[in-house]
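Q: The following block contains a protein sequence and its predicted model.
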Amino acid sequence: MQRYIIILIIIATLLTGCITINKVVSRKIDDGSSSVNKEESIYLSEFNMQSISAESTPNQFLYINKNQLVSIARKNKYTIAVIWASWCPVCQTYLSKMKVWTDSLKLLHDNVDLILIEQNINIRYSQELLKKNNYPFLSYIIDPKEYGTDETTKQDNCLNAFNPKRKISEGGVPNTVIIDSNGNMIREIRGRKITLSMLLSEMKL
């Protein structure tokens, strides 16, 4: 009898595992578009080139798609785009490097830009994080109108426009992408174990 109970427990555990795995694979997580209220919506703007040259603060976010990202990249020899999510603890740790990287890039290479692109929309919390890290520049949000509101796929939908054969990330963040002035995505590195010297090496600088 005890043997049958153990077998039943094992079967139940395996079934639970299968169900859990299925949930992870098929998860649909709203990017926050549906919960943006009127007070928060004033901080969201459609993309235009005039906005990115204006003096700005972390209060403002611009929706961005692949073509608009290319237009930004054309302003510099290279653009380092860090895709992140405000709910991600790893991203928050990674963000602490951003201000240091930005200051270093200004001293080393004036033709390299660094930007942040959020895949989710959590205005108030994002503003707090960007201010805390003293990141005073415009931040972008992957456009849900263009790539959908499913946070686990919208990053892939955007980056696949650069390279349809790239490895699918399933919304993995942080994701650091290097784009050259011709609009080519020359490197994509996921995770936080990235140094500025690694990125400069990828750009051959």
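A: Nice, thanks for sending it over.

Q: Touching, residue 52 and residue 79? I think so.
A: No - here residue 52 does not reach residue 79: they are 11.5 Å apart, not a contact under C-beta atoms under 8 Å. For every residue, glycine as well, the C-beta is placed using N, CA and C.

Q: what are the ranges of the strands in this protein?
A: Ranges of strands within the chain are 44-45, 61-64, 78-84, 112-118, 139-142, 175-180, 185-190, based on DSSP state E.

Q: by contact count, what packs against the first one?
A: In this structure, strand 44-45 packs against strand 61-64, with contacts taken as 3 or more C-beta pairs under 8 Å, 6 or more residues apart in numbering; DSSP states H and E.

Q: what are the pairing partners of the strand it packs on, and which direction each?
A: strand 44-45 (parallel), strand 139-142 (parallel) (DSSP bridges).

Q: Quick one: mean pLDDT for that strand?
A: Strand 61-64 shows a mean pLDDT of 92.

Q: roughly how far out does it sit from the chain middle?
A: 12 Å (C-alpha atoms, centre = their mean, to the nearest Å).

Q: Buried residues, that strand. List them.
A: Buried residues in strand 61-64, counted by 16 or more other C-beta atoms under 10 Å: 61, 62, 63, 64.

Q: returning to what we had before: now for residue 52 and residue 79: what residues contact both?
A: residue 72 (C-beta atoms under 8 Å, 6 or more residues apart in numbering).

Q: For the two, indicate the residue with more neighbours.
A: When residue 52 and residue 79 are compared for neighbours, residue 79 comes out ahead with 22 against 19, by other C-beta atoms under 10 Å.

Q: Check the gap between the residue nearest in space to the middle of the chain and residue 94 for me.
A: By C-alpha atoms, centre = their mean, the chain has its centre lying nearest to residue 83, at 1.9 Å. Applying C-beta to C-beta, to the nearest Å, the value for residue 83 to residue 94 is 11 Å.

Q: Same check on residue 196?
A: 12 Å.

Q: Next: residue 138.
A: Applying C-beta to C-beta, the value for residue 138 to residue 94 is 19 Å.

Q: Compare those two (neighbour count), which wins?
A: Taking other C-beta under 10 Å, residue 138 and residue 94 do not tie; residue 138 has more neighbours (24 against 20).

Q: The more buried one and residue 59 touch, don't they?
A: No - between residue 138 and residue 59 there is no contact under C-beta under 8 Å: 9.6 Å.

Q: Tell me which stretches of the chain form helices.
A: With DSSP state H as the criterion, the chain has helices at 2-26, 38-41, 49-53, 66-73, 89-95, 98-108, 123-132, 144-147, 151-159, 196-202.
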